[in-house]
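In: pasting the structure only:
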């Protein structure tokens with residue numbers, strides 16, 4: 001439900017996800033034995049927060065009564081992210097550890113998934129540019145562009161990492177792959193900034209509506225000058 005309370009909650013969720021993205025690379029340089037399990041926990045929390053945020057953005061678009069094509073683009077993108085998470089976790093736990101030179105397969109797999117994500121985000125960005133709401137349109141377009149930019153960075157990262165470890169033979173393969181991909185993932189902070197802007201603008205709009213209602217149904221746009229001489 002779109003209200004001031006839910007906006008505050010989702011804003012906190014967005015800041016929490018930013019914190020996860022910042023802390024995630026730190027696990028690659030820590031000597032904590034449980035770092036691997038913490039990484040899986042962070043991955044699950046990252047997906048959960050992302051799902052909450054995107055579903056809420058979808059709810060905002062429904063609240064604004066935007067076109068069905070825009071809503072469909074969001075549904076497809078959310079569905080892809082959920083399916084990708086399930087496949088990603090399954091491969092990471094059951095398949096990749098058993099493969100020879102698994103670091104190469106991991107790099108190319110993530111690269112291919114990011115290309116698919118880029119296509120879906122491009123479609124989503126095009127649809128967002130067709131929004132009718134004049135106040136929030138620019139912020140939603142910014143969200144689409146920021147998501148595309150972060151996707152490009154994360155797409156290039158695994159291919160670059162795979163190239164380094166395969167053709168240049170640099171250092172520990174898994175170590176380098178993890179570092180490059182983890183730090184590239186921090187680019188996902190960009191669309192979160194757009195989300196925070198969208199929520200801030202929506203909160204201002206709802207505050208204005210609430211204040212107008214409290215003053216009376218006929219107060220909006222009316223200025224009382226009866227006491228002026």
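Out: Structure's in. What do you need? Remember, predicted model here, so these are calculated numbers, not experimental data.
In: show me where the chain has helices.
Out: Ranges of helices in the chain, per DSSP state H, are 4-23, 35-63, 68-90, 102-128, 137-163, 173-184, 189-215.
In: Would you single out the least confident of those helices?
Out: Ranked on mean pLDDT, the bottom entry among the helices of the chain is helix 173-184, at a mean of 62.
In: Identify the residue spatially nearest to residue 145, adjacent ones excluded.
Out: Of all residues beyond its chain neighbours, the one nearest residue 145 is residue 125 (6.3 Å), with distances taken as C-beta to C-beta, 6 or more residues apart in numbering. All C-beta spots, glycine's among them, are computed from the backbone N, C-alpha and C.
In: out of everything not next to it in sequence, what's closest to residue 197?
Out: For residue 197, the nearest residue in space outside its immediate sequence neighbours is residue 139; the separation is 5.0 Å by C-beta to C-beta, 6+ apart.
In: Over to residue 15?
Out: Nearest-residue entry for residue 15: residue 196, 7.6 Å, with adjacent residues in sequence omitted and distances by C-beta to C-beta, 6+ apart.
In: What's the local residue count around the one you found?
Out: Other residues within reach of residue 196, judged by other C-beta atoms under 10 Å, total 17.
In: cool, residue 65 as well?
Out: 9.
In: which residues touch the nearest residue to residue 140 once chain neighbours are set aside?
Out: Nearest residue to residue 140, sequence neighbours excluded (C-beta to C-beta, 6+ apart): residue 128, at 4.7 Å. With contact taken as C-beta atoms under 8 Å, 6 or more residues apart in numbering, residue 128 is in contact with 70, 73, 137, 140, 141, 143, 144.
In: Same check on residue 52?
Out: Taking C-beta under 8 Å, 6+ apart as the definition of contact, the neighbours of residue 52 are 10, 13.
In: what about it, distance to residue 193?
Out: From residue 52 over to residue 193 the distance is 17 Å, taken as C-beta to C-beta, to the nearest Å.
In: Residue 74 now?
Out: Distance, residue 74 to residue 193, by C-beta to C-beta: 19 Å.
In: Of these two, which one has the most company?
Out: A direct count of neighbours by other C-beta under 10 Å for residue 74 and residue 193 places residue 74 higher, at 20 against 14.
In: If I follow the layout properly, that one ends up in contact with residue 58?
Out: Yes - judged on C-beta atoms under 8 Å, residue 74 makes contact with residue 58 at a distance of 4.5 Å.
In: thought residue 45 was touching residue 20?
Out: Yes - in this structure, residue 45 is within contact of residue 20 by C-beta under 8 Å, at 5.9 Å.
In: ok so, going back, give me the distance between the residue nearest to residue 15 and residue 58.
Out: Summarising the geometry, the distance separating residue 196 from residue 58, computed by C-beta to C-beta, is 17 Å.
In: for residue 49, same thing?
Out: For residue 49, the distance to residue 58 under the criterion C-beta to C-beta works out to 15 Å.
In: Would you mind telling me which of these two has more residues around it?
Out: Remark: of residue 49 and residue 58, residue 49 carries more neighbours, 22 against 18, as counted by other C-beta under 10 Å.
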